[in-house]
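Q: Generate coordinates for the sequence data below:
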Amino acid sequence: LIFPSCVFQMDKTPESFLDLFPLDAIVYLTPDSENGKYIDPSKVYVLGGLVDETIHKKLTLQRAQEQSLKTARLPIREYMVKAVNAKNYHSETLAINQVFDVLSTYYETRSWPAALQAGVSSGKGYVLPDEISN
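A: Here you go, the predicted structure:
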């Protein structure tokens, strides 16, 4: 994905992103990163995805660290609050299409609340503070 020109370019290649870009240009997005609110158009963001029925905590963070990559996460906890729900379910782990929606909306609006609202479904248990009914 190339954000500076507002063009989203996707290429399929058998090569690893590690072979295509310098390590210092790569940022691996993982919900387990401590780094929130991090978008730099000069960087290449890896939207990692694991297809599994269970979520393996910190697996994507571990993979990024093994490859000496910088990490970042979407700033869900900085801009959203946990909604009260019957299941008491709250997750910052999103599907790749949701992450893409958040990033593309952020690029267009430069607004984290608008971007998170576009990509984080209410089923994740998080809402913007102004969406909580009093």
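Q: ok, which stretches of the protein are helices?
A: 17-20, 59-66, 76-79, 96-109, 112-119 (DSSP state H).
Q: closest to Glu34 out of these?
A: helix 59-66 (9.2 Å; C-beta to C-beta). From N, CA and C alone the C-beta is placed, and that goes for glycine too.
Q: what's that closest one packed up against?
A: strand 26-29, strand 70-72 (3 or more C-beta pairs under 8 Å, 6 or more residues apart in numbering; DSSP states H and E).
Q: Mean pLDDT and mean neighbour count added to the ones you listed, as JSON lines?
A: JSON lines is the format used below for these (pLDDT from 0 to 100; neighbours: other C-beta atoms under 10 Å):
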{"stretch": "strand 26-29", "mean pLDDT": "91", "mean neighbour count": "21"}
{"stretch": "strand 70-72", "mean pLDDT": "91", "mean neighbour count": "20"}
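Q: outside of the lowest-mean-pLDDT helix or strand in the chain, which residues touch it?
A: One helix or strand of the chain scores below all others by mean pLDDT, DSSP states H and E: strand 44-47, with a mean of 85. With contact meaning C-beta atoms under 8 Å, 6 or more residues apart in numbering, strand 44-47 is reached by 1, 17, 21, 25-29, 69, 72, 96, 99-100, 103.
Q: Tell me which two of those residues sit farthest apart.
A: Largest separation among the contacts of strand 44-47 by C-beta to C-beta: Ala25 and Ile96, giving 20.4 Å.
Q: how many other residues sit next to Leu23?
A: Per other C-beta atoms under 10 Å, the neighbour tally for Leu23 reads 10.
Q: residues contacting it?
A: Leu23 makes contacts with 67-69, as judged by C-beta under 8 Å, 6+ apart.
Q: Repeat that for Ala72.
A: 27-30, 33, 35-36, 38-39, 45.
Q: Of those, select the buried ones using a ChimeraX command.
A: Those of these that count as buried under 16 or more other C-beta atoms under 10 Å are selected in ChimeraX with:
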select :27,28,29,30,33,38,39,45
